[in-house]
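Novice: mind looking at a prediction? Sequence and model below.
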Amino acid sequence: MKISEHVYRVHINEDDSPFGTYHPGGSNIYFIGDPNSNMVIMDTGEHYRSWTDQILSYHKELGSPNISNIYITHGHYDHIGGVDRLQKEFQCKVGCHSNLKPKLEMILQEGIVFSIEDQETLKINENITLLALYTPGHENDHICYFLQEEQIMFTGDTVLGSSSSSVRNLKEYMNSLEIILEYKPNKVYPAHGALVEDGTAKITSYIQHRKQREQQIINALTKNASQTVYEIVDFVYPKDLNPNLREAAARNVRTHLEKLSEEGKIEETNPLYSLNNN
């Protein structure tokens, strides 16, 4: 489906169990460029053949345009699955962050994968360019891509369309949110979930959500002096939290605790956490 002047989307629905729970609103694969000349693909989805078939089928619907590159947001398997089949079909190069390059080189033949640098401008066609932005936090190889001509930010898993995202390093993640907010994108096109029409408002709400979650964790530790991660989860998250999401919630709590510990605001006495009153 054409979703903007230069962007086309393959939307893939996912069932609720087990992995679809983490991706409300399904997954998005993007074709960017001009179907009459040249295009690139953003991410390749899961390694299911049905996903690859949908991508290839949509490529034919577009008139089988030349695909010069596949750009990867990050190396989680729901973003690089099928990359070998699609690369072979299109005979194109695959670009990613340098932290991901060794992993992709094990999947693809030598000479196919190239590194994308922070702030690098990637030319698709004469008047269509992407600006690559290194945005670690969700993962240490994550890149967001900014379509400058339309003020669209492709956020991968840094900002999702229908839920919050999981985080590996919260301090880096908050910094990455501030980086993409500086570009004041009109729209956010995430790897999962709904398309976002007010990109700046969405990113701002993500920053506010994380700050609120941090305060909730501090409140939990204020109420009870020492707590485990799961006790904090029970305090912070809704009582009807989907059981499939409990471990993801615990991981998010841990990232907040790690940040607070690094800042000297809490103390850890494994497995308990408490406020630092010094």
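Specialist: It's in. Numbers count the residues shown, from 1 in each chain.
Novice: helix or strand for the nearest residue to G45 once chain neighbours are set aside, which one?
Specialist: Spatially, and ignoring its direct neighbours in sequence, G45 is nearest to W51 (4.4 Å; Cβ to Cβ, 6 or more residues apart in numbering). Just so you know, the C-beta spots here come from the backbone N, C-alpha and C atoms, and that holds for glycine as well. Using DSSP states H and E, W51 sits within helix 49-61.
Novice: how many residues are close by the residue nearest to G45?
Specialist: 21 (other Cβ atoms under 10 Å).
Novice: quick one: it and I80 touch, right?
Specialist: No. The criterion here is Cβ atoms under 8 Å, and W51 misses it with I80 at 11.7 Å.
Novice: what's the helix or strand for V167?
Specialist: Counting by DSSP H and E, V167 is part of no helix or strand.
Novice: got a pLDDT number for it?
Specialist: Per-residue pLDDT puts V167 at 91.
Novice: wait, it sits on N175?
Specialist: No. Counting by Cβ under 8 Å, N175 is not a contact partner of V167; they are 11.7 Å apart.
Novice: which neighbours do the two share?
Specialist: G137 (Cβ atoms under 8 Å, 6 or more residues apart in numbering).
Novice: which one's more surrounded, the two?
Specialist: V167 (24 against 13).
Novice: all helices for the stretch 101-250 of the chain, in order.
Specialist: 101-107, 170-181, 199-223, 229-236, 246-262 (DSSP state H, counting those that start in this stretch).
Novice: those helices into CSV, with extra columns for distance to N270 and mean pLDDT?
Specialist: Below are the helices of the stretch 101-250 of the chain laid out as CSV (distance: least, Cβ to Cβ, whole Å; pLDDT from 0 to 100):
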stretch, distance to N270, mean pLDDT
helix 101-107, 31, 97
helix 170-181, 19, 97
helix 199-223, 15, 95
helix 229-236, 10, 94
helix 246-262, 11, 91
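Novice: out of the ones you listed, nearest to L86?
Specialist: Among those, the nearest to L86 by Cβ to Cβ is helix 101-107 (11.4 Å).
Novice: that closest one: how far from the chain's middle?
Specialist: 19 Å (Cα atoms, centre = their mean, to the nearest Å).
Novice: which neighbouring elements make contact with that helix?
Specialist: helix 77-80, helix 83-90, strand 113-115 (3 or more Cβ pairs under 8 Å, 6 or more residues apart in numbering; DSSP states H and E).
Novice: pairing partners for the last one, with directions?
Specialist: Pointing back at strand 113-115 there. Looking at strand 113-115 with DSSP bridges, its partner strands are strand 93-96 (parallel).
Novice: buried residues in the partner strand?
Specialist: Within strand 93-96, the residues that count as buried by 16 or more other Cβ atoms under 10 Å are K93, V94, G95, C96.
Novice: stretch 237-251 now?
Specialist: Y237, L245, A248, A249.
Novice: for stretch 125-136, which positions count as buried?
Specialist: Result for stretch 125-136 [16+ other Cβ under 10 Å]: buried residues N125, I128, L130, L131, A132, L133, Y134, T135, P136.
Novice: check stretch 72-86 too.
Specialist: 72-76, 78-86.
Novice: from those, which two are the most distant?
Specialist: H74 and R85 (19.4 Å).
Novice: what about I180, how many residues nearby?
Specialist: 23.
Novice: chain neighbours aside, what residue packs nearest to the spatially most central residue of the chain?
Specialist: Within the chain, one residue has its C-alpha closest to the average C-alpha position: by Cα atoms, centre = their mean, that is D157, at 1.2 Å. Excluding the flanking residues, the one nearest D157 by Cβ to Cβ, 6+ apart is H138, at 4.8 Å.
Novice: how about K2?
Specialist: Nearest to K2 is Y8, by Cβ to Cβ, 6+ apart, at 5.2 Å.
Novice: against P65, how distant is the one you found?
Specialist: 10 Å (Cβ to Cβ, to the nearest Å).
Novice: try A225
Specialist: Distance from A225 to P65, by Cβ to Cβ: 62 Å.
Novice: the more surrounded of the two?
Specialist: P65 (18 against 11).
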